[in-house]
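**Student:** Dropping a prediction and its sequence here:
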Amino acid sequence: MIRVIIEREIAQGLEPFYQAAIADLLDVMASAPGYLAGESLAEIHRPNHYVVVTRWTNEAAWNRWFHSPERQQMLNTIRPFLQRDEKITLLQQLIYHRDEKST
């Protein structure tokens with residue numbers, strides 16, 4: 001399993017339009033082969049900084065989605081709201097940490 005973190009800086013005042021578009025993107029992404037889960041977050045003290053965190057079965061599944069026409073279409077929809085290109089980071093889990101309180 002991998003996690004993909006996508007960071008986006010949205011032009012001030014366009015946040016509601018971005019939020020509506022990203023909800024549609026997450027719905028479409030949910031049906032992509034290899035997609036496991038995801039969420040969209042906004043930074044508390046910098047509300048136009050958004051982070052999307054997703055989980056995929058493997059990098060190949062993410063790459064299929066990344067290059068898919070569906071993602072490109074949705075990216076074209078949100079591109080006018082972006083102040084700069086999105087930043088994408090792929091992560092793999094090395095060690096699982098379990099909180100001692102949950103044992």
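**Tutor:** Right, received. Where do you want to start?
**Student:** How much space separates residue 49 from residue 10?
**Tutor:** According to CB to CB, to the nearest Å, residue 49 stands 8 Å off from residue 10. The way it works is simple: take the backbone N, C-alpha and C, and place the C-beta from them, glycine included.
**Student:** Oh, that last question was meant for residue 75, not what I typed.
**Tutor:** Separation of residue 75 from residue 10 (CB to CB) stands at 14 Å.
**Student:** now residue 56
**Tutor:** 24 Å.
**Student:** quick one: which of residue 49 and residue 10 has more around it?
**Tutor:** residue 10 (21 against 15; other CB atoms under 10 Å).
**Student:** what are the phi and psi values for that one?
**Tutor:** Backbone geometry at residue 10, expressed as degrees, to the nearest 10, gives phi -100, psi 140.
**Student:** Next: the one 3 residues further on.
**Tutor:** For residue 13, the backbone dihedrals (degrees, to the nearest 10) come out as phi 90, psi -20.
**Student:** residues near it, how many?
**Tutor:** Around residue 13 there are 9 residues (other CB under 10 Å).
**Student:** Then residue 59?
**Tutor:** For residue 59, using other CB under 10 Å, the count is 14.
**Student:** Let me see the contact set for it.
**Tutor:** 2, 90 (CB atoms under 8 Å, 6 or more residues apart in numbering).
**Student:** Quick check: it vs residue 90, distance?
**Tutor:** Taken as CB to CB, the span from residue 59 to residue 90 is 6 Å.
**Student:** With residue 35 instead?
**Tutor:** Distance from residue 35 to residue 90, by CB to CB: 14 Å.
**Student:** For the most centrally placed residue in the chain, which non-adjacent residue is spatially closest?
**Tutor:** The structure's the chain has its C-alpha centroid closest to residue 52; by CA atoms, centre = their mean the separation is 2.9 Å. Distances taken as CB to CB, 6 or more residues apart in numbering place residue 6 nearest to residue 52, at 4.2 Å, with adjacent residues excluded.
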